[in-house]
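A.B. asks: Sequence and predicted structure are below.
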Amino acid sequence: MKPHWLPVATAEVGVAQYPAGQSNPRIRQYHEVTNLRGYDDKASWCSSFVNWCLAQVGIAGTGSALARSWLAWGQALEKPVSGCLVVLYRDDPGSWKGHVGFYLRADAQYIYLLGGNQLEQVREHFYPLECVLGYRWPAAAGSNK
């Protein structure tokens, strides 16, 4: 069963940051459901995108623009399932920096996510498996089985 928030995210594929001096109003809308309300598309927006997608189907997110805020949200999963949230580290596993997106699939080396601010747009992109910090499922969405 496909999670009901995944079609919302998929419908946003192609939304991209505008050049310097301009700001994409759609990305500003993503920020409106987080602590980055009023910011432009130059602020990191992966978590804002996930918060916005979930809000569209009535699921409360973290309200935070920090990707790692998702590690304390919903329920932890031992292994990924379609559409679950994947939290990654950036630069250093111990730093505050991260990335979050929706799980699509994985192979021996990479995990493939649908997310915002992936090469400055909503798109599918891959990341090294060793960067995964956790998999999360919305408690309000019920069982993922």
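C.D. replies: Perfect, I can see it now. No experiment lies behind these values; they were computed from the predicted model shown.
A.B. asks: Distance-wise, check the residue nearest the centre of the chain relative to residue 84.
C.D. replies: In the chain, the residue lying closest to the centroid (C-alpha atoms, centre = their mean) is residue 101, at 3.0 Å. As judged by C-beta to C-beta, to the nearest Å, residue 101 and residue 84 stand 10 Å apart. Using the backbone N, CA and C atoms, a C-beta is placed for each residue, glycine as well.
A.B. asks: Please report phi then psi for the residue of the chain most remote from its centre.
C.D. replies: Within the chain, the residue lying farthest from the chain centre (C-alpha atoms, centre = their mean) is residue 21, at 25.2 Å. Dihedral pair for residue 21: phi 90, psi -10, per degrees, to the nearest 10.
A.B. asks: outside of the longest helix seen in the chain, which residues touch it?
C.D. replies: In the chain, with assignment by DSSP state H, the single longest helix is helix 46-56. The contact list for helix 46-56 (C-beta atoms under 8 Å, 6 or more residues apart in numbering) reads 5, 8-9, 12, 27, 29-34, 36, 60-67, 69-70, 85, 99-102, 115-118, 122, 138.
A.B. asks: With just CA atoms, put that helix into PDB.
C.D. replies: Extracted in PDB, the C-alpha atoms of helix 46-56 (Å, rounded to 0.1, in the frame of the first residue of the first chain):
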ATOM      1  CA  CYS A  46      14.200  19.500   3.100                       C
ATOM      2  CA  SER A  47      12.500  19.300   6.400                       C
ATOM      3  CA  SER A  48      10.100  22.100   5.500                       C
ATOM      4  CA  PHE A  49       9.100  20.100   2.400                       C
ATOM      5  CA  VAL A  50       8.400  16.900   4.500                       C
ATOM      6  CA  ASN A  51       6.400  18.900   7.100                       C
ATOM      7  CA  TRP A  52       4.400  20.500   4.300                       C
ATOM      8  CA  CYS A  53       3.700  17.100   2.500                       C
ATOM      9  CA  LEU A  54       2.400  15.500   5.700                       C
ATOM     10  CA  ALA A  55       0.300  18.600   6.600                       C
ATOM     11  CA  GLN A  56      -1.500  18.200   3.300                       C
END
